[in-house]
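K.L.:
what shape does this take:
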Amino acid sequence: MEEACYNVHTFKPATITITTIFKQEGDRLSDEDLLKFLADIKKTSTPQRRIKTIPGCIKLDMSPVHDTPQACLSTELIPLIPVAEKNIRPIKEVLEFPSSEVYVPHNIYRNLLFVYPQRLNFVNRLTSARNITIKIQFMSGEDPSCILPVIFGKSSGPELLQEVYTPVTYHNKSPDFYEEVKLSLPARLTERHHLLFTFYHISCQQKQNQSGNCETLIGYSWLPILNCDRLQTGQFCLPIVLERLPLNYSLHTPEKLPPQVPPVKWMESHKGLFNLEIQAVSSVHPQDNHLERFFTLCHALEGGTTFPVRIRDEKIPENKLEHELKLSIISLSSSNLEPLVLFLHRVLDKLFTLIMQPMVIAGQTANLAQIAFESVVSIVNSLHNSQELFRDQLGRNILLATYLYWVFRLPDPPRDSQNAGPAGSVPSSDSRYMTIGPATAARVGSMLLQSRIRSSSNPDIPAQQASDEDAEITGILSATGHNYPGSRVSTYVEASNFQNFAGNTRPSNRKQFHEELALQMVVSTGVCRENAYKYAWFFFELLVKSMAQQVSQLDRYSVPRRSRFSDRFKDDITTIVSVVTAEICTILVKQQKEVEQAEKINISLAFFLYDLLSLMDRGFVFQLVRNYCNQMSAKSVSMPTLISMRLEFLRILCSHEHYLNLSLFFSSPASAPASPCPSISSQSSGSYQEHLRILALFDLSQEFKQQHYLTGLLLTELSAALDMESEGGKVQRRAINAIYSLLCSHDLDDRCVKSEVRAKVAALYLPLVGIIIESTNYLDFTVSDTRAGKNKAGDSEDDLENVPPINQSVAMAIAGNPFNTLGRNVLISMASLQGKSVATLAADTSRHLLVCFLWVMKNADRNLIQRWTVDMPPSQLNKLLELLTICVSCFEYRGKQSSDKVSTQALQKSQQAKLQLEEALLRGMGARGEMMKRVGGMDRTVGQRENLRWRKDLTQWRQTNDKQDKTKAELDQEALINGNLATEANLIVLDLLETIIQVTLNAGILYDLLSNLNHHGVKLD
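P.N.:
This next block holds a predicted model:
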């Protein structure tokens, strides 16, 4: 079925009314008889005379619940939030038994048992037992006082009962039952717990010599809940004991009851007469052999049982526990998918505990870290390869992402650390839900709340960021400052090797989880290593969250970042980043079809370093970034792919909340002199070095890259992208959009509201101005009508139909001049001198690049801009004025389009454009005109031109028709935005022109500048 069929929000209310109720004989209530009865009714249009009907009506209303109802009870009858303030009738949740598997892990405590009596066969019994009922009880022992009130009652009775009775089928020795008995199992079961069934004959009429109760005892049967410490579920056929129950009967099944003295009297020679089915919905007892074995051995390893450990009919002594546990860990990935998903959280918790803690088995220390890590990798691979499970847009398995975000927390410390430490200083193992042990919904919910130390690797999820010491930033790239190296950790961490700066010592004989996890990633080999780095996102986020929890638990926020983690761990992180980068390069070079996989790994690595910026020494993280860039450049990867990868990597890093501090924007060179209009004498008296320094601020120099590391890398990639040619301008679009989105975030940042702060931010992007000015020589800034949609392609064919044909400026654009005042031949000649071809930018990309330029010019320091224009060579000043002309043309306001004219004018407008274009082509001489005449001639009508190859999917004709869907409010909003943007752009241009005029006028070079502009074809009105 389609996924939409399962959407409850689209479900419409429905009412089902049943007015015909048929009566069925009591001896024909089996499933086969009922199906045959329904088939017979379906064959005939009218019910047969022998079929009796019961007057009545059943009405069923079904409707979706949009708001959370009040007074709602869970399937365990636990009140749910919101709790009703008034005493109203509660709403009960119904537990679903789906026909297909539902892959949702257990996230609350649930331990329910469902008993279904099916059939009882007393046909061969000679007594008058015909009105039969069964009393069902849950016993913790054999004494009558051991009855437990764990059976859920009906809606009209108490919530929990000690016993229930099945309905009676009148005069039927072989009744069929359709009763469901729901029980709440105790958290800890013993071998004494069992279900007790008592069979009675119900007398309809009391005899003369009979007094008291109308129930006549027939016999007993029972079913132990545990069989070899495993919950019993499935189909059963039980024999029935007559008279009394034997001694210690609960320790054995009825079929395997040992001989008794006196002998037990069975009905029909110990033959199975009572059929029933048992189903369990439990977060405590897994219904899978591999999981059951693994949890049982882990429970024994934790000291929760005595040896030998019994698993079904097998007994495992202590000296074989390590071998059997390794086999059970290996076989975890062979479990069925549904039970593995149900117990995914507990399985991962146990495996992480085995990774971190060395286990003592039979007096010997067993290190299970490697095999446990391999099992985790295998499970992660299985979940990602499953077609039944969902993945997000980055290819991450939803179940694993949910576990990392909500559930994971550091494994509990070893038991010796708990016993040695002071009371309450270390959480005990009971704070977690146990393998097989008591737990409640409240405790599990509390555990989930305690585990919400979130990783910020997913930018779509709001994360709780730890506050950073901004004072540290100034010394990130310098070698000054104190360094307190952590101890080099191998297998164990000794207390004498590390002194916590908060005053506490690290617990002895305890490994750090993040260190052990990083070590296993480094030393892994073969398929395990390949899959670990293929799904590196999971292990990256696991590392980050374990590191954050470690810092939080040890209260190490005040510790210098360089000393929070050991040198060994830093070496492992360096190796991991190097290996992942090499894996990306290998995929790009050798496996061209797996580029998407390389992009996902690249994004995961970027988010990993993004998170490390909040936890580790920033200089160390910058060194990792440098290694990444160098390693990517050293490989034989195509330039467009290489730049795209690095751009995405840097875009994620620059989205860090402390990006500005990381770029050291406050340590930029001193601002320009305060004099707004320096004279010629003051300029001549100034130092030549000062002139070079001002010009260098707008140049992407090596000094700038070293001082503003992340910004320098991003601008370097932008410059490289603009200097190259790519198919459809994809690389240029990605580079420009990265800068554009970054500036948008600065503009919306509450921390950058003050003008002086924005001036410092704009100083970070001054080299961007130089890059854009240089780009005007070989970039074609395509300008389109924003009301008609942005041009998505750079084809000249698209430009022909992308603008109204009656506009003079549009006619110039068709001829090859996209902006009125700048000749295209001039651009081409400039580009040929530099050895560069003309690259076309799409309309939206051009606008974004120009918006970036205008934003920097608007927010930059005015004195700095004035001094820059004074020191700028005339050729550069000419380019700046040309760029301003482009900005005016690009953001020209083209008026508001009425909504009532869209539907009528859109088609006419496109038809007129096509008519004029075809007319221009047909009038032309040469082979092109002759071909058009042969195809259709001059007298073809508009309706006969269906065979012309108009590119309707890419041209103005198609885009204009699409605008018919826009409402008047949308058109008004679009016109308002375009008008405001045009106003803002022109005001910025006017401010810059005023600055240039003042500076050049005082410098006496204004008329020389105007003559140069006229020489290059720029006309100033």
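
K.L.:
would you mind putting the CA coordinates of stretch 581-588 into PDB?
P.N.:
Presented in PDB, the C-alpha positions along stretch 581-588 are these (Å, rounded to 0.1, in the frame of the first residue of the first chain):
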ATOM      1  CA  THR A 581      39.300  12.000   4.000                       C
ATOM      2  CA  ALA A 582      41.200   9.300   2.100                       C
ATOM      3  CA  GLU A 583      38.000   7.300   1.800                       C
ATOM      4  CA  ILE A 584      36.300  10.300   0.300                       C
ATOM      5  CA  CYS A 585      39.100  10.700  -2.200                       C
ATOM      6  CA  THR A 586      39.200   7.000  -3.100                       C
ATOM      7  CA  ILE A 587      35.500   7.100  -3.900                       C
ATOM      8  CA  LEU A 588      35.800  10.200  -6.000                       C
END
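
K.L.:
please, which helix or strand holds M645?
P.N.:
helix 639-654 (DSSP states H and E).

K.L.:
next, the buried residues of that helix.
P.N.:
Buried residues in helix 639-654, defined by neighbour count with 16 or more other CB atoms under 10 Å: 640-654. (Glycine included, C-beta is placed from N, CA and C.)

K.L.:
need the residues that contact that helix.
P.N.:
Helix 639-654 is contacted by residues 459, 584, 588, 595, 598-599, 602-603, 605-607, 609-610, 613, 625, 628-629, 632-633, 635, 637, 659, 710-711, 713-714, 717, 720-721, 724, 726-727, 730-731, 734-735, 738, 741-742 when judged by CB atoms under 8 Å, 6 or more residues apart in numbering.

K.L.:
the stretch 251-400 of the chain: helices as residue ranges?
P.N.:
289-301, 321-330, 337-342, 344-356, 369-385, 398-402 (DSSP state H, counting those that start in this stretch).

K.L.:
for F97, find the nearest of the ones you listed.
P.N.:
helix 337-342 (13.1 Å; CB to CB).

K.L.:
list the helices and strands the closest one packs on?
P.N.:
Judged by 3 or more CB pairs under 8 Å, 6 or more residues apart in numbering; DSSP states H and E, the packing partners of helix 337-342 are helix 369-385.

K.L.:
which strands and helices sit next to the helix it packs on?
P.N.:
Short answer (3+ CB pairs under 8 Å, 6+ apart): helix 369-385 packs on helix 321-330, helix 337-342, helix 344-356, helix 398-402, helix 513-523, helix 526-534.

K.L.:
can you tell me the distance between the two ends of stretch 745-761?
P.N.:
Start and end residues of stretch 745-761 are separated by 12 Å (CA to CA, to the nearest Å).

K.L.:
how far off centre is that stretch?
P.N.:
31 Å (CA atoms, centre = their mean, to the nearest Å).

K.L.:
make 48 the starting number, not 1.
P.N.:
Taking 48 as the first residue, the last one we looked at is stretch 792-808.

K.L.:
report the buried residues of that stretch.
P.N.:
793, 799, 804-808.

K.L.:
buried residues, the lengthiest helix in the chain. List them.
P.N.:
Across the chain, the longest stretch assigned as helix under DSSP state H is helix 1015-1050. Residues 1018, 1021-1022, 1025, 1028-1029, 1032-1033, 1035-1036, 1039, 1042-1043, 1046-1047, 1049-1050 are the ones in helix 1015-1050 that count as buried (16+ other CB under 10 Å).

K.L.:
with stretch 627-637 instead?
P.N.:
627-628, 630-632, 634-635.

K.L.:
those residues in helices, which ones?
P.N.:
Residues of the buried residues of stretch 627-637 located in helices (DSSP H): 627-628, 630-632, 634-635.

K.L.:
okay, the residues you listed in a markdown table with pLDDT and distance to L447 next?
P.N.:
Formatted as a markdown table, these follow (pLDDT from 0 to 100; distance: CB to CB, whole Å):
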| residue | pLDDT | distance to L447 |
| --- | --- | --- |
| V627 | 95 | 18 |
| T628 | 94 | 23 |
| E630 | 92 | 20 |
| I631 | 92 | 21 |
| C632 | 90 | 26 |
| I634 | 89 | 22 |
| L635 | 87 | 26 |
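
K.L.:
adding distance to L590 as columns, could you present those residues in CSV?
P.N.:
What follows is those, written out as CSV (distance: CB to CB, whole Å):
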residue, distance to L590
V627, 12
T628, 16
E630, 17
I631, 18
C632, 22
I634, 22
L635, 25
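
K.L.:
biggest separation within those residues, which pair?
P.N.:
Longest span within those, CB to CB: V627 and L635, 13.0 Å.

K.L.:
which PyMOL command selects the buried ones in the contacts of helix 686-701?
P.N.:
Only the buried entries of the contacts of helix 686-701 go into this PyMOL selection, using 16+ other CB under 10 Å:
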select buried, resi 631+635+645+646+649+650+652+653+654+656+657+660+672+675+676+679+684+706+757+758+760+761+764+767+768+773+778+781+782+785+789
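
K.L.:
let's see which of the contacts of helix 686-701 end up in helices.
P.N.:
Per DSSP H, these map to helices at 631, 635, 642, 645-646, 649-650, 652-654, 656-657, 672, 675-676, 679-680, 706, 757-758, 760-761, 764, 767-768, 777-778, 781-782, 785, 788-789.

K.L.:
where does the stretch 948-1068 of the chain dip in pLDDT?
P.N.:
948-1012, 1049-1068 (pLDDT under 70).

K.L.:
mind checking how far R75 is from R166?
P.N.:
13 Å (CB to CB, to the nearest Å).

K.L.:
likewise for Q559?
P.N.:
Counting by CB to CB - Q559 and R166 are separated by 60 Å.

K.L.:
who has more neighbours, these two?
P.N.:
Q559 (21 against 16; other CB atoms under 10 Å).

K.L.:
show the pLDDT at that one.
P.N.:
At Q559, the pLDDT value in this model is 89.

K.L.:
helices along the stretch 798-947 of the chain, start to end?
P.N.:
Counting by DSSP H, counting those that start in this stretch, the helices of the stretch 798-947 of the chain are 802-811, 813-822, 843-848, 855-862, 871-881, 890-906, 909-918, 921-937.

K.L.:
for K220, which of those helices is the nearest?
P.N.:
helix 890-906 (82.8 Å).

K.L.:
run through who's touching the closest one.
P.N.:
776, 779-780, 783-784, 786-787, 790, 794, 802, 805-806, 808-809, 812-813, 815-816, 819, 822, 828-831, 837-839, 888, 912, 930, 933-934, 937-938, 1031-1032, 1035-1036, 1038-1039.

K.L.:
of all pairs in the buried residues of stretch 792-808, which one is the farthest apart?
P.N.:
H793 and A806 (11.8 Å).

K.L.:
just say helix, strand or coil for the closest residue to L195 other than its chain neighbours.
P.N.:
Among residues not flanking L195 along the chain, F185 sits closest, at 5.0 Å (CB to CB, 6 or more residues apart in numbering). Per DSSP: H, G, I helix; E, B strand; the rest coil, the local secondary structure of F185 is strand.
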